[in-house]
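Trainee: can't give you the sequence, but here's the structure:
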């Protein structure tokens, strides 16, 4: 959502492409952990304007979120107590994600978005962040509800559409995910991320030829995209091209060794070497 959350994380990044649910975005866990110092890659920081608030205190609080979540929490609490308003409540909710309470944060973000006097785009962004927080809390149904409200407010926001496709895929609703991705690609036909997700949805719908076409298009646009290489490796393995699959997974690991894509590629590589691959 204003999307890396991937979320902004680019909202779209970390359910596993292999396995039961299938995509990279949002690690889900019943026991959320605190975000370690200096590692805010999974924290849904506010997007570029429009935002709910402006001003020095808001910018300072957001800057603290990127450096020290605990200090951001203290700052936000003190600021709210002295009349910080929506800006303080927004920063406080985001800090709550960082301290390991995504469910509580999601509820705060939803209340904030519902009651805000900001414009539709800014409110949609906050609902999108709530959806990301619900995914962190392993609550995909609540995430879907929040992201759908966001899209009601901003129906052509491609970040929100990508995010909803990921949520739908986590629920195995691949046809609906594909519809959202097709809407994205109608607006941004060269968006490699959406093409990779489209390939994964098509694979789950047993449409391998179309899946291969989508992932090859993604790799034409972004040859060093680790997620695309991961997905193409899965498709190659399904066709019996084990050497090609292994080459793609090794390349994904080489390009992004610390990423979720690399972790999944390594799992697939190990399984392909020592036993039947997961699908």
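Mentor: Sure thing, it's come through. Owing to the predicted nature of the structure, the values given are computational and were not obtained by experimental measurement.

Trainee: what about residue 163, distance to residue 52?
Mentor: For residue 163, the distance to residue 52 under the criterion Cβ to Cβ, to the nearest Å works out to 18 Å. Any C-beta I mention is one placed from the backbone N, CA and C, and that applies to glycine too.

Trainee: okay, those two: which has more neighbours?
Mentor: The residue with more neighbours, out of residue 163 and residue 52, is residue 163; 36 against 22, by other Cβ atoms under 10 Å.

Trainee: touching, that one and residue 132? I think so.
Mentor: Yes. Shown here, residue 163 and residue 132 form a contact pair, counting by Cβ atoms under 8 Å, at 7.1 Å.

Trainee: residue 97 and residue 132, how far apart?
Mentor: With distances defined as Cβ to Cβ, the gap from residue 97 to residue 132 amounts to 8 Å.

Trainee: between the two, point out the one with more neighbours.
Mentor: Taking other Cβ under 10 Å, residue 97 and residue 132 do not tie; residue 132 has more neighbours (37 against 32).

Trainee: what about the more buried one, which helix or strand?
Mentor: Using DSSP states H and E, residue 132 sits within helix 120-136.

Trainee: what do you get for residue 228?
Mentor: Counting by DSSP H and E, the element that carries residue 228 is helix 226-238.

Trainee: in that helix, which residues are buried?
Mentor: Under the neighbour-count criterion of 16 or more other Cβ atoms under 10 Å, helix 226-238 has 226, 227, 228, 229, 230, 231, 232, 233, 234, 235, 236, 237 buried.

Trainee: would you turn those residues into a markdown table with distance to residue 256?
Mentor: What follows is the buried residues of helix 226-238, written out as a markdown table (distance: Cβ to Cβ, whole Å):
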| residue | distance to residue 256 |
| --- | --- |
| 226 | 4 |
| 227 | 8 |
| 228 | 11 |
| 229 | 9 |
| 230 | 9 |
| 231 | 14 |
| 232 | 15 |
| 233 | 14 |
| 234 | 16 |
| 235 | 19 |
| 236 | 19 |
| 237 | 20 |
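
Trainee: please, where are all the helices along the stretch 101-250 of the chain?
Mentor: Shown for the stretch 101-250 of the chain, the helices assigned by DSSP state H, counting those that start in this stretch span residues 102-115, 120-136, 140-153, 158-170, 174-187, 192-204, 208-221, 226-238, 242-255.

Trainee: nearest to residue 90, of the ones you listed?
Mentor: For residue 90, the closest of the helices of the stretch 101-250 of the chain is helix 102-115, at 6.0 Å, according to Cβ to Cβ.

Trainee: now do the buried residues in the closest one.
Mentor: By neighbour count, and taking 16+ other Cβ under 10 Å as the criterion, the buried residues in helix 102-115 are 102, 103, 105, 106, 107, 108, 109, 110, 112, 113.

Trainee: could you dump the helices of the stretch 101-250 of the chain into TSV and include distance to residue 63 and mean pLDDT?
Mentor: Written out in TSV, the entries for the helices of the stretch 101-250 of the chain read as follows (distance: least, Cβ to Cβ, whole Å; pLDDT from 0 to 100):
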stretch	distance to residue 63	mean pLDDT
helix 102-115	19	96
helix 120-136	17	95
helix 140-153	25	98
helix 158-170	22	96
helix 174-187	31	98
helix 192-204	27	97
helix 208-221	33	98
helix 226-238	29	97
helix 242-255	30	97
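
Trainee: which of those sits closest to residue 58?
Mentor: By Cβ to Cβ (comparing all of the helices of the stretch 101-250 of the chain), the closest turns out to be helix 120-136, at 12.4 Å.

Trainee: buried residues in that closest one, which are they?
Mentor: The neighbour-count check on helix 120-136 (16+ other Cβ under 10 Å) flags 121-136 as buried.

Trainee: what's the answer for stretch 138-148, then?
Mentor: Applying a neighbour-count criterion of 16+ other Cβ under 10 Å, the buried positions in stretch 138-148 are 138, 139, 140, 142, 143, 144, 145, 146, 147.

Trainee: save the residues you listed as a markdown table, and put in distance to residue 81 too.
Mentor: Formatted as a markdown table, the buried residues of stretch 138-148 follow (distance: Cβ to Cβ, whole Å):
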| residue | distance to residue 81 |
| --- | --- |
| 138 | 32 |
| 139 | 29 |
| 140 | 35 |
| 142 | 29 |
| 143 | 30 |
| 144 | 34 |
| 145 | 31 |
| 146 | 27 |
| 147 | 31 |
